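Asker: 3D model of this:
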Amino acid sequence: MPISELRLIKHVLEFQPIESIKKVPIQTRGIYALYHLDDGGFYNLVYIGMARGEKSGIRGRLAMHYRRKHDQ
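Answerer: Just a heads-up that it's a prediction; the model follows:
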């Protein structure tokens, strides 16, 4: 995971495929944004969330979003 140049943000990942969820350490806290790639090749912001890292962190939240999307 690359280290950010900002002091407030330590690590950053951008535009990662859903399969890379396993690269995120367990109980990582922070803010995440979910995008949807439309037919025109543009990314549209779908959801912004925050994970506190107490139980599962961002990794668990992303996995939950993925399961919800594919269970419908």
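Asker: secondary structure class for the residue nearest to the spatial centre of the chain?
Answerer: Nearest to the centroid of the C-alpha atoms of the chain, with distances taken as Cα atoms, centre = their mean, sits Y32, at 4.7 Å. Recorded secondary structure, Y32: strand (DSSP: H, G, I helix; E, B strand; the rest coil).
Asker: and the strands in this structure?
Answerer: 30-37, 43-51 (DSSP state E).
Asker: quick check: buried residues in the longest one?
Answerer: The one in question is strand 43-51. Neighbour-count burial for strand 43-51 flags A51 (criterion: 16 or more other Cβ atoms under 10 Å). Just so you know, the C-beta spots here come from the backbone N, C-alpha and C atoms, and that holds for glycine as well.
Asker: got the angle for that strand vs strand 30-37?
Answerer: Interaxial angle of strand 43-51 relative to strand 30-37 (axes from the mean of the first three to the mean of the last three Cα atoms, to 10 degrees): 160 degrees.
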